[in-house]
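J.: Return atomic coordinates for the entry below.
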Amino acid sequence: METDRRDFLKAAGTVGVIAAAGAAVTGTPPAAHAAPAAAARGPKGMAKRLTLLTLRRNGELRLGVKTEHGVLDVKEASGLLHMPAPTTVDDLLQNEDGPNLNALVDAAVKPNSAAKKAFLGDTIEYGPLVTRPEKIVCVGLNYRRHAKEVNMPIPKVPVLFNKFNNTLNAHNGKIKLPVDVATKFDHEVELVIIIGKEAKNISEADAHSIVAGYATGNDFSARDLQLETPSGQWMIGKTPDQFAPIGPHLVTADQVDADNLKIECRINGETRQSSNTNDMIFNTRQMISYISRYITLKPGDIIFTGTPEGVIQGKAPEKRVWLKPGDKVACSLEKLGELKFDLV
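T.: Numbering: from 1, shown residues only. Take a look at the predicted model:
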């Protein structure tokens, strides 16, 4: 096996050993992805039936809601209707102010509503979907066919690593590639879980009860920094500035079966990754429950759930064409929307 492929396996295997130092969780076989009887999806205080986003407007970040009338600027609508509501995604997550938001949206979409001016046209500027997560937890090697393409055994427990807040990026954003320190840039489309309620040691059956919603994300990576430095620096390969674009929407958990969604990534219009979240080794309930054994999950925390097959690192060395400035990346998950960003 070629040297860089061995390095990849060794580095990933080391992380797997760290993750395995605790109670065992076994990967779910494909036929076993049916969810157990459980609490309703989403916290009681979370908004329901809504598609949320972060707007950049008038010099600030604001909560937006996608509706059939256009995107609703919640802060402006709140003022026009004299109704209380959270004004940012973070406020909604931290304060469990979903009922007020649902009431505001219901009032705003009524005929002859005083909030008509709060509906925006198609040209909007997106901000980072969540801006103040306490933690960004990532799960590696979580798709069966991806494990096969990199010639690795199925992990016995979720393989965990992390990103930091400096990596957060928005839909239609840009990643300034750190070409002074790296050259091997790779794409990883992923389902992203956004936590809406604090929990420690939560059961698999109750895991979905703390999920605010889901989004499309990309665990952008610099493989040479991640795998080829003498110590195998996963941290610096995963955490350069802007390396975690998420968006465009947070779709509330009550609307989504996150364990059965089509997932794709396209580079300059060419499909590179195409799979389904039902190929995940550990489903969303298992990941949330496992992480919460060791880490208290809090509102606003982000979980990247792993990438399917098709990454550049998984190809034979002679077929690897790394991403470069000028490339355009589009990632999509069924029901969650298409995340786009450019490399500069």
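J.: Can I get the strand or helix carrying residue 63 in PDB, CA atoms only?
T.: When elements are assigned from DSSP states H and E, residue 63 belongs to strand 60-67. Output of strand 60-67 as PDB, limited to C-alpha atoms (Å, rounded to 0.1, in the frame of the first residue of the first chain):
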ATOM      1  CA  GLU A  60     -25.800  42.800  12.000                       C
ATOM      2  CA  LEU A  61     -26.700  39.100  12.000                       C
ATOM      3  CA  ARG A  62     -30.400  38.400  12.200                       C
ATOM      4  CA  LEU A  63     -32.700  35.400  12.300                       C
ATOM      5  CA  GLY A  64     -34.500  34.800   9.000                       C
ATOM      6  CA  VAL A  65     -37.300  32.300   8.200                       C
ATOM      7  CA  LYS A  66     -37.900  30.900   4.800                       C
ATOM      8  CA  THR A  67     -41.600  31.100   3.800                       C
END
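J.: strands paired with it, and their directions?
T.: For strand 60-67, the pairing partners within the sheet under DSSP bridges are strand 51-57 (antiparallel), strand 70-73 (antiparallel).
J.: how about these, which one is nearest residue 130?
T.: For residue 130, the closest of the strands paired with strand 60-67 is strand 51-57, at 7.8 Å, according to CB to CB. All C-beta atoms are positioned from the backbone trio N, CA, C, and that covers glycine.
J.: Contacts only, for residue 139.
T.: By CB atoms under 8 Å, 6 or more residues apart in numbering, the contact list for residue 139 reads 158-160, 282, 287, 303-306.
J.: Beta-bridge partners for it, please?
T.: Each beta-bridge partner of residue 139 is listed here, defined by DSSP bridges: residue 160.
J.: mind checking how far the nearest residue to residue 200 once chain neighbours are set aside is from residue 62?
T.: Nearest non-adjacent residue to residue 200, counting by CB to CB, 6 or more residues apart in numbering: residue 296, 4.5 Å away. Distance from residue 296 to residue 62, counting by CB to CB, to the nearest Å: 29 Å.
J.: Mind checking which of the two has more residues around it?
T.: For residue 296 against residue 62, the residue with the higher neighbour count under other CB atoms under 10 Å is residue 62, and the figures read 18 against 13.
J.: List phi and psi for the residue nearest to residue 255 when sequence neighbours are not counted.
T.: On the basis of CB to CB, 6+ apart, the spatially nearest residue to residue 255 that is not a chain neighbour turns out to be residue 49, at 6.4 Å. Backbone torsions of residue 49, given as degrees, to the nearest 10, read phi 60, psi 30.
J.: so where's the chain uncertain?
T.: With pLDDT under 70 as the threshold, the chain has low-confidence stretches at 1-40, 231.
J.: tell me the helices in it, going along the chain?
T.: 3-19, 74-81, 89-95, 98-108, 144-149, 223, 234-238, 284-294 (DSSP state H).
J.: Same list, the ones you listed, but as JSON lines with mean neighbour count and distance to residue 68 please.
T.: Conversion of the helices of the chain to JSON lines gives the following (neighbours: other CB atoms under 10 Å; distance: least, CB to CB, whole Å):
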{"stretch": "helix 3-19", "mean neighbour count": "16", "distance to residue 68": "44"}
{"stretch": "helix 74-81", "mean neighbour count": "21", "distance to residue 68": "15"}
{"stretch": "helix 89-95", "mean neighbour count": "21", "distance to residue 68": "21"}
{"stretch": "helix 98-108", "mean neighbour count": "19", "distance to residue 68": "11"}
{"stretch": "helix 144-149", "mean neighbour count": "18", "distance to residue 68": "37"}
{"stretch": "helix 223", "mean neighbour count": "22", "distance to residue 68": "43"}
{"stretch": "helix 234-238", "mean neighbour count": "20", "distance to residue 68": "38"}
{"stretch": "helix 284-294", "mean neighbour count": "21", "distance to residue 68": "28"}
